[in-house]
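**Student:** what follows is a protein structure lacking sequence information:
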């Protein structure tokens with residue numbers, strides 16, 4: 001999702017918690033309209049629709065509203081909406097919430113909780129979470145022990161789903177003999193070819 005951050009930051013906080021929400025058609029309809037308005041850059045209308053939909057429990061509205069608030073550095077409110085969506089098992093919310101715990105945005109830094117949330121998002125197939133989980137295993141971060149085989153497995157999973165960052169890591173690991181792999185120029189070249197195919 002793209003956002004004019006300066007526009008969001010300039011929005012008065014009262015618009016984010018205003019009591020003048022539009023009449024709710026139904027949570028899904030309002031949520032989808034809010035998401036469409038946001039994508040068109042109509043932030044005030046988007047926020048009104050998204051908040052009414054999010055309050056009614058529509059998960060995509062909760063995630064989108066949380067993202068907008070996160071970008072505007074309204075971290076505590078963003079954290080609230082990410083938590084609501086994460087409780088319903090939304091992978092995007094789990095990953096974003098993990099990032100907030102990792103950085104201490106709207107809450108205290110908690111690497112163990114960040115790792116738990118990012119791992120759950122990875123297990124649900126969230127591509128960035130898969131890569132982040134692989135990185136945490138490779139470097140022994142977010143409460144995980146260093147584990148080359150585990151990191152390699154998650155980089156492969158992400159790469160097979162088209163993640164270029166994971167493809168580059170696998171290319172380099174094969175070229176340099178990292179992550180417990182032997183040096184393998186053929187495998188490195190194969191990952192390089194996949195990378196080039198993905199950029200066309």
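**Tutor:** That came through fine. Please read these numbers as outputs of a predicted model, since none were measured by experiment.

**Student:** quick one, helices of the protein?
**Tutor:** 5-10, 13-16, 27-39, 43-55, 59-71, 75-87, 91-103, 111-123, 127-139, 148-160, 164-176, 185-198 (DSSP state H).

**Student:** so what touches the last one?
**Tutor:** To tie it back to what came earlier, the one meant is helix 185-198. 159, 162, 164, 167, 168, 170, 171, 172, 174, 175, 181 (C-beta atoms under 8 Å, 6 or more residues apart in numbering). The way it works is simple: take the backbone N, C-alpha and C, and place the C-beta from them, glycine included.

**Student:** tilt between that helix and helix 164-176?
**Tutor:** 160 degrees (axes from the mean of the first three to the mean of the last three C-alpha atoms, to 10 degrees).

**Student:** centre of the chain to helix 185-198, how far?
**Tutor:** 27 Å (C-alpha atoms, centre = their mean, to the nearest Å).

**Student:** quick one, that helix and helix 148-160 angle?
**Tutor:** 30 degrees.

**Student:** can you list the buried residues in helix 185-198?
**Tutor:** By 16 or more other C-beta atoms under 10 Å, the buried positions in helix 185-198 come out as 187, 188, 191, 192, 194, 195.

**Student:** of those, closest to residue 139?
**Tutor:** Within the buried residues of helix 185-198, distances to residue 139 taken as C-beta to C-beta reach their minimum at residue 191, with 20.3 Å.
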